[in-house]
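K.L.:
quick one, fold the following:
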Amino acid sequence: MNTKKIPTEIIYVLRRIMENGGEAYIVGGALRNYLLDRPIHDWDIATSLLPNEIESAFSDMHTVTTGKKFGTITVFIDGLQVEVTTYRTEEDYRDYRHPSKVEFTQNIYEDLKRRDFTMNALALNPLFQDRTFIDPFNGHRDIKLGIIRAVGNPHARFSEDPLRMMRAIRFMSQLGFTIDGTTMNSIRYNSKIITKIPAERIKDELEQTLLGKFVEKGIITLYLSGIQNYIIPESKDIVDEEIIERIAYSIAKCRQDIIERFCAYFIWTIKLENRTSMLNKILRRLRFDNKTRKDIITIISYIDTPIGKRMPAYSLRRLMGEMGIENTLRMLHLMGIFGYNHETMCKLNEMASTIIMEEQPIYKSELDLDGHDLIDMGIGVKDPRDIGHALDIAYDWILMDPKLNDKEILLSRLRKYYNINS
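P.N.:
Below you'll find the model as predicted:
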């Protein structure tokens, strides 16, 4: 195994622990991604040292001890964040998330037994003379075969933390792996207990699944496993196996834009009747932040809006003014994915590009006049509501023809409209 690509900072942390009398191994997702030659964002090291000993070993470095209770000390070295955790065993996951009992151990094998999938139950230390690579559950083989397999009894692993079921589907979406048959059957059997998991954790896993390179596999499995029926129960009666592949395909055709992908996901899962209120309810339940929720609802609310054949540029400018430029572009892309006329969509996208490139006015705030200008010419003196009405008229004119966005031109047209003498 080629270990030359392991960062020198990680080698330094391993050596520092060994110099302090402890064992230490690279473990978890970092090692899995290292074997897959994928980017590594989080480095985890497991050690036989106890938390106080870890803290002492790195006393001359910046550390964070908020996870000390569970054996984790975070070490910062040359800008790299490394989580160093004492070997441990866990028992009695009474809340389907946190173990009620955590015990530290001196045995790396006991630590690896508590992990979720075989591909994550590996350990590596290139500095050891022997036991350099530890793989008690054939995780390296499963990585080579592209298999996601639970460590030991999958029912036990999923009852400890039901979110592991969604993690399996997320890994499938990200890596293109296949879930082992026994593990898959256990996910189907245990799918209902996903409701025990906090909504924000479900949303985070769903988001990562939607952004996966192999999202089609992940989404199809999300439905066929039964998980979908529990995280979005509103979809149970309107999504059947015949359209699951269409759903997955449409998401895969989206750009790597999470708003766009969420729109493609949700548009299939809610009924047309009361679509906005139902979608708002779902997004609030899943703890979406306000901006993301607003963007998704806006796009899905507008997606069936006909863009005028006679004045498409005017319609696009108005949509951009109401939805924002980015959301309009997302909607146009989704319309193309959902089968709108290809030639029409090409023309609309070209028009949208021109509007943006030429910086044509699309927002009411871009009007080259304001209420004071209207008052000066006598509009709104008798009824202040006339000011808003006049601004609306002027705004519509510049959406029709951006060249009209000139104060003198607009004032001249308004004088004629209201029959005001100069």
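K.L.:
contacts and neighbour counts: CA atoms only from here.
P.N.:
Will do.
K.L.:
how close does the nearest residue to Phe58 once chain neighbours are set aside get to Ser59?
P.N.:
The shortest distance from Phe58 to any non-neighbouring residue, by Cα to Cα, 6 or more residues apart in numbering, is to Val75 (7.5 Å). Going from Val75 to Ser59 by Cα to Cα, to the nearest Å gives 10 Å.
K.L.:
thinking again about what came up before, so the residue nearest to Phe58 sits against Val64, correct?
P.N.:
Yes - counting by Cα atoms under 8 Å, Val75 does reach Val64; the two are 6.7 Å apart.
K.L.:
more crowded one of those two?
P.N.:
Set side by side, Val75 and Val64 show more neighbours around Val75, with 21 against 14, by other Cα atoms under 10 Å.
K.L.:
can you give me the domain assignment for this protein?
P.N.:
With domains defined by automatic domain parsing, the chain comprises 8-137, 154-302, 365-418.
K.L.:
dump these to JSON lines, plus distance to Asn349.
P.N.:
Output for the domains of the chain, formatted as JSON lines (distance: least, Cα to Cα, whole Å):
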{"stretch": "domain 8-137", "distance to Asn349": "34"}
{"stretch": "domain 154-302", "distance to Asn349": "15"}
{"stretch": "domain 365-418", "distance to Asn349": "17"}
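K.L.:
now those as TSV including mean pLDDT and distance to Ile147?
P.N.:
Listed next are these as TSV, based on pLDDT from 0 to 100; distance: least, Cα to Cα, whole Å:
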stretch	mean pLDDT	distance to Ile147
domain 8-137	91	8
domain 154-302	93	5
domain 365-418	93	55
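K.L.:
could you pull out the helices for the stretch 51-200 of the chain?
P.N.:
51-57, 108-113, 139-145, 154-160, 163-175, 181-190, 199-210 (DSSP state H, counting those that start in this stretch).
K.L.:
nearest to Thr3, of the ones you listed?
P.N.:
helix 139-145 (14.9 Å; Cα to Cα).
K.L.:
ok, and what's touching that closest one?
P.N.:
Arg32, Leu36, Phe117, Thr118, Met119, Asn120, Ala121, Leu122, Ile148, Arg149 (Cα atoms under 8 Å, 6 or more residues apart in numbering).
K.L.:
got a list of what the second one touches?
P.N.:
Pointing back at Leu36 there. Ile143.
K.L.:
at 10 Å what do you get?
P.N.:
Leu36 sits next to Ala30, His140, Ile143, Lys144, Leu175 when contact means Cα atoms under 10 Å, 6 or more residues apart in numbering.
K.L.:
widest-spaced pair of these?
P.N.:
Most distant of those, by Cα to Cα, are Ala30 and Lys144, 16.2 Å apart.
K.L.:
helix, strand or coil for the nearest residue to Met345 once chain neighbours are set aside?
P.N.:
Take Met345 and drop its neighbours on the chain: the residue closest to it by Cα to Cα, 6+ apart is Gly336, 6.2 Å away. Here Gly336 is helix, with the state taken from DSSP: H, G, I helix; E, B strand; the rest coil.
K.L.:
any figure for the gap between Gly336 and Ser315?
P.N.:
Counting by Cα to Cα, the gap from Gly336 to Ser315 is 17 Å.
K.L.:
would you mind listing which of the contacts of Leu36 are buried?
P.N.:
The neighbour count (16 or more other Cα atoms under 10 Å) marks Ala30, His140, Ile143, Leu175 as buried among the contacts of Leu36.
K.L.:
columns distance to Ile387 on top of those, output as CSV?
P.N.:
Formatted as CSV, the buried ones among the contacts of Leu36 follow (distance: Cα to Cα, whole Å):
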residue, distance to Ile387
Ala30, 62
His140, 72
Ile143, 68
Leu175, 58
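K.L.:
of those residues, closest to Lys403?
P.N.:
Looking across the buried ones among the contacts of Leu36 and measuring by Cα to Cα, the closest to Lys403 is Leu175, at 51.2 Å.
K.L.:
in contact with the closest one: list those residues for me.
P.N.:
Neighbours of Leu175 in contact, by Cα under 10 Å, 6+ apart: 33, 36, 38, 143, 146-148, 169, 212-215, 218.
K.L.:
just the buried residues of stretch 187-201, please?
P.N.:
Ile187, Asn190, Ser191, Lys192, Ile193, Ile194, Ile197, Ala199.
K.L.:
excluding chain neighbours, what is closest to the first one?
P.N.:
This means Ile187. Met165 (5.9 Å).
K.L.:
how close does the most centrally placed residue in the chain sit to Glu260?
P.N.:
Among the residues of the chain, the one closest to the centroid is Glu207, at 3.0 Å (Cα atoms, centre = their mean). To Glu260, Glu207 is 11 Å away according to Cα to Cα.
K.L.:
for stretch 27-45, list every residue counted as buried.
P.N.:
Applying 16+ other Cα under 10 Å to stretch 27-45 flags Val27, Gly28, Gly29, Ala30, Leu31, Arg32, Asn33, Tyr34, Leu35, Trp43, Asp44, Ile45 as buried.
K.L.:
restricted to strands, list these.
P.N.:
Among these, the subset assigned to strands under DSSP state E consists of Val27, Trp43, Asp44, Ile45.
K.L.:
so how far is stretch 316-333 off the chain centroid?
P.N.:
22 Å (Cα atoms, centre = their mean, to the nearest Å).
K.L.:
wait, the residue nearest to Ile187 touches Phe158, no?
P.N.:
Yes - the pair Met165 / Phe158 is scored as a contact, 6.6 Å apart, by Cα atoms under 10 Å.
K.L.:
any residues in contact with both of these two?
P.N.:
In contact with both Met165 and Phe158: Asp116, Ala150, Thr183, Ser186, Ile187, Asn190, Ser191, Ile193, Ile194, using Cα under 10 Å, 6+ apart.
K.L.:
what is the burial count for the fourth one?
P.N.:
Ser186 is flanked by 20 other residues according to other Cα under 10 Å.
K.L.:
which parts of the stretch 201-350 of the chain are helices?
P.N.:
Using DSSP H, counting those that start in this stretch, helices in the stretch 201-350 of the chain cover 215-224, 227-231, 241-252, 258-266, 275-285, 290-302, 312-323, 325-337, 342-357.
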